[in-house]
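# sequence first, predicted model second:
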Amino acid sequence: MIRRSSAQSLRQVLRVAIYALAGAFVLLAVAAPALQAQADGALSGQLKISANQSIYVIGRGNQATGTLTTTICCGFNYNVYLSASGLPAGSTMVFSPGVIPAPGSGTSKMTIWVGINTKPGSYPITILATGGGVKATTKIYVLVP
């Protein structure tokens, strides 16, 4: 993985131009933003995740369900693993399936259980999809009245 600062250093080092005297071919190796895109960011747009709704109002001791959809492009072909962070204490979230098989495009049912002792409030939940070294996130909100 090439980081942005490394790419900047490489940009300076790799500004190499090799010109054939006969003009048969010209090879220009220029470390520009494309180098970083290839090494670091080319995969970033290959996996996306979305939820069918962004706000879930769930009373204490109750549950709600939703659907997550992963979409892929550009040759992505990996299992996609789902996880969540930011759940309120005493609450759980389950994905069915928890792994979307390769090539990675599909849906998963999400079930959110809010604990009986969960404090009322608004809770931002980040849902993470990972596969093949690529990460994608979406955010939902659980409102506990």
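Looks like it arrived, so ask away. Numbers count the residues shown, from 1 in each chain.
# residue 105: what's it in contact with?
Residues in contact with residue 105 (CB atoms under 8 Å, 6 or more residues apart in numbering) are 70-72. For glycine as for every other residue, the C-beta is placed from the backbone atoms N, C-alpha and C.
# buried among those? Make that a ChimeraX selection.
Command for ChimeraX that selects the buried part of those, burial taken from 16 or more other CB atoms under 10 Å:
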select :70,72
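# and which of the contacts of residue 105 is nearest residue 48?
Of all these, residue 71 has the smallest distance to residue 48: 4.9 Å, by CB to CB.
# the closest one against residue 48, yeah?
Yes. Between residue 71 and residue 48 there is a contact under CB atoms under 8 Å: 4.9 Å.
# shared neighbours, those two?
Shared contacts of residue 71 and residue 48, defined by CB under 8 Å, 6+ apart, are absent.
# so where do the helices sit in this protein?
For the chain, the helices defined by DSSP state H cover 4-13, 33-36.
# what mean pLDDT does the last one get?
Taken as a whole, helix 33-36 has an average pLDDT of 38.
# now do stretch 64-77
The average of the pLDDT scores along stretch 64-77 is 96.
# what does stretch 98-113 give?
Across stretch 98-113, the average pLDDT comes to 97.
# okay, buried residues for it please.
Across stretch 98-113, burial judged by 16+ other CB under 10 Å covers 100, 103-105, 108, 110, 112-113.
# can you get me the start-to-end distance on that stretch?
Taking CA to CA, to the nearest Å, stretch 98-113 runs 16 Å from one end to the other.
# likewise for stretch 91-104?
OK, stretch 91-104 end separation, CA to CA: 27 Å.
# circling back to that earlier point, which one of the helices of the chain has the poorest average confidence?
For the helices of the chain, the weakest mean pLDDT is recorded on helix 33-36, namely a mean of 38.
# quick one on the thing from earlier: determine which two of the buried residues of stretch 98-113 are furthest apart.
Using CB to CB, the two most remote members of the buried residues of stretch 98-113 are 103 and 113, lying 30.8 Å apart.
# surely residue 145 touches residue 122?
No. The pair residue 145 / residue 122 is not scored as a contact, 10.3 Å apart, by CB under 8 Å.
# name the residue in the two with the higher neighbour count.
residue 122 (11 against 8; other CB atoms under 10 Å).
# that'll do, ta.
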